[in-house]
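Participant: sequence-free structure coming up:
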Ligand code: ACM
C-alpha cells in the first residue's frame, strides 16, 4: 500500500494496515462544514456523498476545543472517518487533508486507513499578491484565497500600492484611485478595489480562516501618490539601476504626475520633512485600519533608495508608531530593521536570500532586538514570481536566477539567519510580484507547485525533524496532488523532477 501523499506534510501520520473507507454516493457526512466537504469531494471525485447518518460508511466532522490552535486529528477505518478540529480552523484544515487522502480504488474511491495528528509549526502562514504592478480583480483574489487556504495558509498579504498604481479606494483621499489607478505595468489597464470589493475580499478570506494583511508601501514605491498629491512627492531619483531596467525591459523614465508603467524600483519617495505627509498618512492608515479587521498593517519600507538613510529611519520609526497608535501591529520589510525608533513589536519581513547577503540578516535581527518577530520570505526560494524555467515568458530572475522546485523546497526558516530560531519567527510567507503576471492562469503557472514548498516550510515539522521532510519525499507527494489540482481548475506547471500522478 502506498503512503498517502499529503502537502504540507502533517506532524504525525500513521498508516494502518487495514481496509480504508469506501467513498460512494451513499457515504454519509455529518457535523459542521459538511457542505464544504461534500463540495470538495464532488470536485475531486465527481461523486456527491449524500447518504444519511443511518447509512455506513460515514464521515463525521467535529470541533472539540482543547488542542493546539488550528490542530486536528483524523482517524479512518472501513466504516468511519472522523475529522476533529481543536477549533473551526483546525476542522477546516483537517477537511482539506481528508480530501488529499482520497484515492481511486477499483472502479470507485476510498480514503485509506490512517491516524493523523496535525498542528502547524508557525502561527503565520502567508501568501502575498501584488495587485499594484498588475491589478487583479476580486474574482482572481478569491480564487487565490481558495487555493492557498487548501494548503493551510492563513494570511493573505495584499500589496495594494506601488509606483504603478494605487488600488484601494479611500473615502478620505478619493483622488488616489481617481487619478492613480488606471494603468498597470506595460501600459496594461489598471483598476482598484472599492471599499465594498475590499470588504468582500476580507470576508471571503475570513470564511476560509485567512486574515488579510494590507500593505501601503512607504516611503518609496510611492510614485502613484504623485499623480494625486504632487506636493507630497520628491522628484524621482534616476540611478544607473533605473537606466539599466529601462534598457532591459522598456518603459519610460518616471516623471512625477505621469503614470509610471515600467519595472524599475527605488526612485520615488514621499517628502519626509513635510508635516502634510503625516496628515496624509494619518488619513490613509487610519481608514485602512478601520477597514481591516486583522491585527496587522504592513507599511512596506523596502527599496527606499530615493530616501536619505537617516530620514528613512526617522520616517519608519514615526510611521510604525502611528500604526501601533491605531491598535495594529506594524509589519515592514527587513530594511526597516535599521530604524532605532521602530515601534516595539514591529514584525519584520525578511526577503533576502537563503544565505544572507549585504547585511540583510543584521537588518532583520533589528526587529527581534525591538521585541518583534520575523516573517521569512527568502526571495531565492519562495518568491513565487521567480522564473521556474529560463524559457518561460512569465517571471523574473533577479533572485539568483531560475528557482527550481527543489531550491524552493530545500531550506528551513530557522536556518537562514544566525541566532534567529523558531521562537523569533512568526511564520513564512510566499510573495507573488506581478510585473509579468496578468491573469489567474499566470498566477497558477508560477505558484504551483512551488507554493507547496512554502506551505511545508510554514506548516510542517522542521527539516531534519521528520524522515519525510525531504525533497525526495516532497517531489512524490506534491506530484500526487496533480489530479486534485487539475480537477480544482488549477493550471499548475508540470515541472521536471516531480513524479506527476495521472488518473484516467
Ligand atoms: C521586495 O521584494 N522589494 C520586498
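Facilitator: On my side now, so go ahead. In this text, all values refer to a predicted model and were calculated from it rather than measured experimentally. Residues are numbered from 1 along each chain as shown.
Participant: Can you classify the closest residue to the ligand within the stretch 301-450 of the chain as helix, strand or coil?
Facilitator: Nearest residue of the stretch 301-450 of the chain to the ligand: residue 302, at 3.8 Å (Cβ to the nearest ligand atom). C-beta coordinates here come from the backbone N, C-alpha and C atoms, glycine included. Counting by DSSP: H, G, I helix; E, B strand; the rest coil, the backbone at residue 302 sits in coil.
Participant: Next, count neighbours for the nearest residue to it once chain neighbours are set aside.
Facilitator: Leaving aside its chain neighbours, residue 302 sits nearest to residue 333 (3.7 Å; criterion: Cβ to Cβ, 6 or more residues apart in numbering). As a burial measure, residue 333 scores 26 neighbours (other Cβ atoms under 10 Å).
Participant: tell me the pLDDT at residue 333?
Facilitator: The model reports residue 333 with a pLDDT of 98.
Participant: got it, and the one 4 residues further on?
Facilitator: According to the predicted model, the pLDDT of residue 337 comes to 98.
Participant: didn't the residue nearest to residue 302 look like it was pressed against residue 349?
Facilitator: Yes: the criterion here is Cβ atoms under 8 Å, and residue 333 meets it with residue 349 at 5.2 Å.
Participant: same for the helix or strand encompassing residue 286, what does it pack against?
Facilitator: For residue 286, the enclosing helix or strand under DSSP states H and E is helix 275-291. Helices and strands touching helix 275-291, by 3 or more Cβ pairs under 8 Å, 6 or more residues apart in numbering; DSSP states H and E, are helix 195-206, strand 211-218, strand 296-300, helix 309-325.
Participant: Report the buried residues of it.
Facilitator: 277, 278, 280, 281, 284, 285, 286, 287, 288, 289, 291 (16 or more other Cβ atoms under 10 Å).
Participant: which ones are touching the fifth one?
Facilitator: Residue 284 makes contact with 170, 172, 173, 176, 216 under the criterion Cβ atoms under 8 Å, 6 or more residues apart in numbering.
Participant: Please flag which of those sit within strands.
Facilitator: If you go by DSSP state E, the contacts of residue 284 have residue 216 in strands.
Participant: Please pick the buried ones from the contacts of residue 284.
Facilitator: Buried, going by 16+ other Cβ under 10 Å: 170, 173, 176, 216, out of those.
Participant: Now the two most distant members of these.
Facilitator: Maximum pairwise distance in those, criterion Cβ to Cβ, is 11.2 Å, between 173 and 216.
Participant: Specify the local secondary structure of residue 406.
Facilitator: When classified by three-state DSSP, residue 406 comes out as helix.
Participant: so who does it touch?
Facilitator: If you count contacts by Cβ under 8 Å, 6+ apart, then residue 406 has 471, 475, 497 around it.
Participant: Tell me which residues touch the first one, please.
Facilitator: By Cβ under 8 Å, 6+ apart, the contact list for residue 471 reads 406, 409, 410.
Participant: In TSV: these, plus pLDDT and distance to the ligand.
Facilitator: TSV is the format used below for the contacts of residue 471 (pLDDT from 0 to 100; distance: Cβ to the nearest ligand atom, whole Å):
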residue	pLDDT	distance to the ligand
406	97	22
409	98	20
410	96	21
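Participant: Which residues of the stretch 201-350 of the chain lie near the ligand?
Facilitator: By the rule Cβ under 6 Å from any ligand atom, the part of the stretch 201-350 of the chain lying against the ligand is 302, 303, 333.
Participant: could you dump these to a markdown table with distance to residue 490?
Facilitator: A markdown table is the format used below for those (distance: Cβ to Cβ, whole Å):
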| residue | distance to residue 490 |
| --- | --- |
| 302 | 29 |
| 303 | 31 |
| 333 | 29 |
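Participant: Now do the residue of the stretch 301-450 of the chain closest to the ligand: how many residues are near it, please.
Facilitator: If we define neighbours as other Cβ under 10 Å, then residue 302 has 19 of them.
Participant: same check, this time on residue 224
Facilitator: Neighbours of residue 224 using other Cβ under 10 Å come to 28.
Participant: Over to residue 487?
Facilitator: Residues near residue 487, counting by other Cβ under 10 Å: 14.
Participant: All the helices of the stretch 1-150 of the chain, residue numbers only.
Facilitator: Using DSSP state H, counting those that start in this stretch, the helices assigned to the stretch 1-150 of the chain run over residues 34-45, 88-101, 138-150.
Participant: Go through those helices and name the closest to residue 13.
Facilitator: When the helices of the stretch 1-150 of the chain are compared by Cβ to Cβ, helix 88-101 sits nearest residue 13, at 9.4 Å.
Participant: The closest one: which residues count as buried?
Facilitator: 89-101.
Participant: follow-up on the earlier one: name the nearest of the contacts of residue 284 relative to residue 345.
Facilitator: For those, the residue nearest residue 345 by Cβ to Cβ is residue 216; the value is 19.0 Å.
Participant: Please name the nearest non-neighbouring residue to that closest one.
Facilitator: residue 161 (5.2 Å).
Participant: circling back to that earlier point, among the helices of the stretch 1-150 of the chain, which is nearest the ligand?
Facilitator: If you check each of the helices of the stretch 1-150 of the chain against the ligand by Cβ to the nearest ligand atom, helix 138-150 wins as the nearest, at 18.4 Å.
Participant: Residues touching that closest one, excluding its own?
Facilitator: Contacts of helix 138-150 (Cβ under 8 Å, 6+ apart): 92, 96, 99, 127, 129, 131, 156, 158, 193, 197, 200-201, 204-205, 208-210, 439-440, 443-444, 447-448, 451, 488, 490.
Participant: among those, which ones are buried?
Facilitator: With neighbours counted by 16+ other Cβ under 10 Å, the contacts of helix 138-150 contain buried members at 92, 96, 99, 127, 129, 131, 156, 158, 193, 197, 201, 204-205, 208-210, 440, 443-444, 447-448, 451, 488, 490.
Participant: hey, what's the spatially most central residue of the chain bridged with?
Facilitator: By Cα atoms, centre = their mean, the chain has its centre lying nearest to residue 127, at 0.1 Å. Assessed by DSSP bridges, residue 127 has beta-bridge partners residue 156, residue 430.
Participant: Quick check, it in contact with residue 429.
Facilitator: Yes: Residue 127 lies in contact with residue 429 (Cβ under 8 Å); the separation is 6.7 Å.
Participant: what sits in contact with each of the two?
Facilitator: Common neighbours of residue 127 and residue 429 (Cβ under 8 Å, 6+ apart) are 155, 157, 454.
Participant: For the last one, give its distance to residue 480.
Facilitator: Taking Cβ to Cβ, to the nearest Å as the measure, residue 454 falls 18 Å from residue 480.
Participant: re the thing from before, taking the contacts of residue 406 one by one, which sit in helices?
Facilitator: Among those, the ones falling in helices (DSSP state H) are 471, 475.
Participant: Adding distance to the ligand, write the contacts of residue 406 out as JSON lines.
Facilitator: Formatted as JSON lines, those follow (distance: Cβ to the nearest ligand atom, whole Å):
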{"residue": "471", "distance to the ligand": "25"}
{"residue": "475", "distance to the ligand": "27"}
{"residue": "497", "distance to the ligand": "26"}
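Participant: Tell me how far the helix holding residue 286 lies from the chain's centre.
Facilitator: 25 Å (Cα atoms, centre = their mean, to the nearest Å).
Participant: Report the angle between it and strand 296-300.
Facilitator: 150 degrees (axes from the mean of the first three to the mean of the last three Cα atoms, to 10 degrees).
Participant: Show me what the mean pLDDT comes to for helix 275-291.
Facilitator: pLDDT averaged over helix 275-291 gives 98.
Participant: From what I see, residue 458 and residue 120 are in contact.
Facilitator: Yes: under the criterion of Cβ under 8 Å, residue 458 makes contact with residue 120 at 7.3 Å.
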